[in-house]
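Q: Need coordinates for the following:
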Amino acid sequence: MEDPTETKSFLCPKCHGTDYNTGEIRTTGSGISRFLNLQNQKFGVISCSNCGYSEMYRLDGRGGLGTFFDILTN
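A: Now for the predicted structure:
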């Protein structure tokens with residue numbers, strides 16, 4: 001599946017603007033990952049540059065190396 005944050009065209013459903021910004025956020029899940037603050041949930045974000053309307057899309061999580069660094073920094 002193609003990453004929706006790498007879109008070539010964008011049309012804001014709120015203001016019909018075509019300019020956008022992209023980004024990523026990572027969050028913890030539930031259970032042991034939450035207790036250890038392992039940020040294993042990854043989301044891509046597309047935001048309209050005109051009105052700020054944003055959509056989030058779940059992306060594949062990081063690999064084991066990213067989890068290893070999360071443990072070291074906690």
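Q: Check whether Gln41 really touches Met56, as I assumed.
A: No - using C-beta atoms under 8 Å as the test, Gln41 is too far from Met56 to be in contact (10.6 Å). For every residue, glycine as well, the C-beta is placed using N, CA and C.
Q: Phi, psi for Tyr57 please.
A: Dihedral pair for Tyr57: phi -130, psi 130, per degrees, to the nearest 10.
Q: Please apply the same query to His16.
A: The phi and psi values for His16, taken as degrees, to the nearest 10, are phi 70, psi 20.
Q: any idea how far Asn50 is from it?
A: 9 Å (C-beta to C-beta, to the nearest Å).
Q: which one of these two has more residues nearby?
A: Asn50 (14 against 10; other C-beta atoms under 10 Å).
Q: Surely the more buried one is in a helix?
A: No - Asn50 is assigned coil when assessed by DSSP: H, G, I helix; E, B strand; the rest coil, not a helix.
Q: I appreciate the help and will end here.
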